[in-house]
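**Student:** Sequence and predicted model, in that order:
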Amino acid sequence: MIGEEILSELMILLITGLAALVLTLEDWRGWLLAWALMGAGGGWLLQQTPGVPGQLASIQVLTSALLALLLYLTGWQARKAAPKTLTSRPPVHWRFRALAALFFHYLARILAARFPIPIAPAPILITTYTLIGIGLLIATLGRSPLQVGLGILTMFSGYGLFYFSVQDSLLAIGLMAGMNLVIAFLTAALTLVRQEASA
Amino acid sequence: MNIPLLLVLAIPFLAAPLVYPLRRTPLAAPLAAGAALGIVALLWVVPWPPAALSADSSTLGPPVVLLGRSLRLTATDRWALSTLWGSAALLFLSAWPFRFERRLYPIGLAAGGLWALGLLTRPISLGAFFIGAAALLLTLTLLGEGHGMEGAAQYLIAASLGFLAWTTAAWAAEQAALNPGQPLWPTIAFTLIGAAMVLWLGVWPAHRWVPMLFAEGAPIGAAFTVLLIHYGTWFWLAAWAQEFPWLPRLPGWGIVLQALGMLMMGSSALLALAERGWGTIGGYSWLASSGLAWLALSLGTEPGIQLSAWALWVRVVPLLGMAFALAAYRRIAGTTEPGRVSMAQGPWVIGLLLGSGLAMLDAPPFPGFAARWAMTRLLLPAHPLLALGLIGLPGLLGWALLRNLLAREPSDRPLRPMPRAAIGFGIAWWTAELLLLLAAPWLSIPLESLARAWVRTP
């Protein structure tokens, strides 16, 4: 039992670290790799949550992998036309961004402790709040559509953990996964339109 | 099987792939507008037989069952869909002369179709997904030819966060219905609905994307987006009130709506003073003027809701005029910065910008003034300061408009000639405003039934 708690705690820290990497790295391939691993970590966390069917964890992992692949192909197609827009440095230094990620994680822990939601388990809530906070920061600081999209997808990834753990309707779960796809599609479209305009 | 309802829902999804390959041709706009008008015609021409759903609610025709969930059309929904598709048809036609608005036709049809699907789907928690997908999809209509990316990205962030708030609010509202007596769930639902509205309606401090869309991107795409978001949210809120009758009875409901309306009007009027540019001021004017509808809705009475619906309806024509004029200005000067196009170079465009701006601010004798005056009179006995602000705040925006008109910044780049369509559109717009003014007393009568449906709770 204690071992499971430590493992779950480690996984929360790992997911936070990976989200912080998406926030701090300056190379688009690095963002995508960290983001895909973060999705897989989320799937693992979901699998450890009592009452959540194992298939949902697989859906989370599979969705993350597919979306990362889709965005990688988008970046690959866009990189020749205007590489600067893909790998552009955000206005805030990476140390401050890393500090902000830590702050969001701390805030998430306080929020989860002070305002618990009865049905949702605490580790899921902490991860959800952290990812929504960091995702928002990635999106608002991002200078390329790919980074903005990845920030939004990070928020959705965090929210998905919460939603999958409390929602019984399979149709709703499927639609939530579909929304991730809509965001990824929009990100790809915005990235390629931007390249088309800069070319 | 309710075939007409299926057709109403299917037409946009059938028309969008047909319009997409034609989007660069002059055929796309009339095709898209034809599809939208066809839906409106279907909604009013078909004799929908009333079907009793329960003792105190009825639908038009039997519900359609899709994936095990029911889609039902009520009298309120018919108004909602007619407003949505009627306005969409006018916007499609307005975008006809502008090449940079070409994404609007297929995406507008698909987004409108998704919104309609979400509005009719029950339970609301599932409808939220379709409405959210529609709001997200609208991002693509905001891009012009190589401009408008920043506004579109900001809109995408606001729309995504708003969607998450709506979905969680719907889940919490369902939990409240399952666990009566627990105050946590209604509080979560209520708070998140407020947050979602702040994000989607562009209320201060989440307002930046609205002026940016009009200033940077494709103005008619921006008008379509704000129109669908505002009108759609208004009607969707009615669906929430009918699905969860305890929601409008919560003590803070009216106060939150009032605060939203006041914030939209007050902050936009003040912030516009520090800005310049026709697009930016246009965006703030839209925010300030649509705040009136939410303020009227906060009254929660039949006259208040009728006034709110009228205040929304009457904005369609000024919004159309403003969007067309901004698109024409952008085509002439390549920007919406003031002073680039003089009255002599684009008389119809500048005339439309001024006219639609004043109509948006409800200046007399434009038809919107009647709604603002009625609202001022309703508020005067209980809230004299609020009433004074309501009638005085548009003056600040009027000042911002005047400064734009007087600005002189000759362009370095050569100007393109005024689009010929501006003359025809200008004549049609001023005629429509005049007709609206003359017919206002009769046009507002059908909204009584809409207001009754809003207030009535099962």
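**Tutor:** Great, that's in hand. Keep in mind that what you see is a predicted model, and the values were worked out from it rather than measured. Numbers count the residues shown, from 1 in each chain, chains lettered A, B, ... in the order given.
**Student:** what comes up buried for the biggest helix by length in chain A?
**Tutor:** Secondary structure of chain A per DSSP state H: the longest helix is helix A:170-198. Residues of helix A:170-198 classed as buried by neighbour count (16 or more other C-beta atoms under 10 Å in any protein chain shown): A:172-173, A:175-177, A:179-180, A:182-191, A:193-195, A:197. Backbone N, C-alpha and C define where each C-beta goes, glycine included.
**Student:** quick one: it to chain centroid distance?
**Tutor:** In terms of C-alpha atoms, centre = their mean, to the nearest Å, the centre of helix A:170-198 is set 14 Å apart from its chain centre.
**Student:** cool, stretch B:178-193 as well?
**Tutor:** The gap between the average C-alpha position of stretch B:178-193 and the chain average comes to 28 Å, counting by C-alpha atoms, centre = their mean.
**Student:** again, but for stretch B:349-359
**Tutor:** When C-alpha coordinates are averaged (C-alpha atoms, centre = their mean), stretch B:349-359 and its chain have centres 19 Å apart.
**Student:** Stretch A:42-51 too?
**Tutor:** Distance of stretch A:42-51 from the chain centroid (C-alpha atoms, centre = their mean) equals 16 Å.
**Student:** Just the CA coordinates for that stretch, please, in PDB.
**Tutor:** Provided in PDB are the C-alpha atoms of stretch A:42-51 (Å, rounded to 0.1, in the frame of the first residue of the first chain):
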ATOM      1  CA  GLY A  42      -0.900   9.800 -17.400                       C
ATOM      2  CA  GLY A  43      -2.100   6.500 -18.800                       C
ATOM      3  CA  TRP A  44      -0.100   4.600 -16.200                       C
ATOM      4  CA  LEU A  45      -1.500   6.900 -13.400                       C
ATOM      5  CA  LEU A  46      -5.000   6.200 -14.700                       C
ATOM      6  CA  GLN A  47      -4.400   2.400 -14.600                       C
ATOM      7  CA  GLN A  48      -3.400   2.600 -10.900                       C
ATOM      8  CA  THR A  49      -6.600   4.400 -10.000                       C
ATOM      9  CA  PRO A  50      -9.200   2.100  -8.400                       C
ATOM     10  CA  GLY A  51     -12.400   1.700 -10.300                       C
END
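**Student:** residues making contact with it?
**Tutor:** With contacts defined as C-beta atoms under 8 Å, 6 or more residues apart in numbering or on different chains, stretch A:42-51 is touched by A:4, A:7-8, A:11-12, A:15, A:52, A:54, A:56-58, A:60-61, A:64, A:121, A:123-124, A:127, A:131, A:157-158, A:160-161, A:164-165.
**Student:** check which helix or strand covers the spatially most central residue of chain A.
**Tutor:** Geometric centre of chain A, nearest residue: A:Thr154, 2.3 Å, by C-alpha atoms, centre = their mean. Assigned by DSSP states H and E, A:Thr154 falls within helix A:145-166.
**Student:** would you list every one of the helices in chain A?
**Tutor:** Under DSSP H, chain A gives helices at A:2-24, A:28-48, A:54-78, A:83-86, A:94-114, A:122-141, A:145-166, A:170-198.
**Student:** Let's have the ones you listed in a markdown table, adding distance to B:Thr25.
**Tutor:** Formatted as a markdown table, the helices of chain A follow (distance: least, C-beta to C-beta, whole Å):
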| stretch | distance to B:Thr25 |
| --- | --- |
| helix A:2-24 | 42 |
| helix A:28-48 | 36 |
| helix A:54-78 | 26 |
| helix A:83-86 | 30 |
| helix A:94-114 | 46 |
| helix A:122-141 | 36 |
| helix A:145-166 | 28 |
| helix A:170-198 | 19 |
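**Student:** Among those, show me which one is buried the most.
**Tutor:** Mean neighbour count (mean count of other C-beta atoms under 10 Å in any protein chain shown) peaks for helix A:145-166 among the helices of chain A, with a mean of 26.
**Student:** centre of the chain versus that one, how much separation?
**Tutor:** That offset, for helix A:145-166, works out to 5 Å (C-alpha atoms, centre = their mean).
**Student:** mind checking which helix or strand of the chain has the lowest mean pLDDT?
**Tutor:** Unless you meant another one, I'm taking chain A. helix A:83-86 (a mean of 65; mean pLDDT, DSSP states H and E).
**Student:** oops, chain B please
**Tutor:** Here the helix or strand of chain B ranked lowest by mean pLDDT, DSSP H and E is strand B:50-54, holding a mean of 65.
**Student:** Measure how buried B:Leu354 is and give me the count.
**Tutor:** Around B:Leu354 there are 17 other residues, counting by other C-beta atoms under 10 Å in any protein chain shown.
**Student:** Show me what the helix or strand containing it is packed up against.
**Tutor:** For B:Leu354, the enclosing helix or strand under DSSP H and E is helix B:347-360. With contacts defined as 3 or more C-beta pairs under 8 Å, 6 or more residues apart in numbering or on different chains; DSSP states H and E, helix B:347-360 has these neighbours: helix B:278-297, helix B:316-333, helix B:394-406, helix B:421-443.
**Student:** surely A:Ala20 meets A:Ala98?
**Tutor:** Yes: using C-beta atoms under 8 Å, A:Ala20 makes contact with A:Ala98 at a distance of 5.7 Å.
**Student:** Return the set of buried residues in stretch B:340-349.
**Tutor:** Neighbour count says stretch B:340-349 has B:Arg340, B:Val341, B:Gly346, B:Trp348, B:Val349 buried, by 16+ other C-beta under 10 Å.
**Student:** Just the pLDDT at the closest residue to B:Gly291 other than its chain neighbours, thanks.
**Tutor:** Excluding its sequence neighbours, the residue lying closest to B:Gly291 (C-beta to C-beta, 6 or more residues apart in numbering or on different chains) is B:Met264, at 3.1 Å. In this model, B:Met264 is scored at 90, pLDDT.
**Student:** same question, A:Ala197
**Tutor:** Looking at A:Ala197, its pLDDT stands at 54.
**Student:** which residues of chain B score low on pLDDT?
**Tutor:** Where chain B drops to pLDDT under 70, the residues are B:52-58, B:145-148, B:410-411, B:453-458.
**Student:** ugh, wrong one, chain A
**Tutor:** Using pLDDT under 70, chain A drops low at A:1-2, A:81-90, A:194-199.
**Student:** repeat that for 50
**Tutor:** Counting by pLDDT under 50, chain A contains low-confidence ranges at A:198-199.
**Student:** Next to chain B, which bits of it? Give me the list.
**Tutor:** A:117-119, A:132, A:136, A:139-140, A:142, A:145, A:148-149, A:151-152, A:155-156, A:159, A:163, A:166-167, A:169, A:171-172, A:175-176, A:178-179, A:182-183, A:186, A:189-190, A:193-194, A:196-198 (C-beta under 8 Å from any C-beta of the partner chain).
**Student:** Wait, B:Met265 touches B:Ala293, no?
**Tutor:** No: in this structure, B:Met265 is not within contact of B:Ala293 by C-beta under 8 Å, at 10.5 Å.
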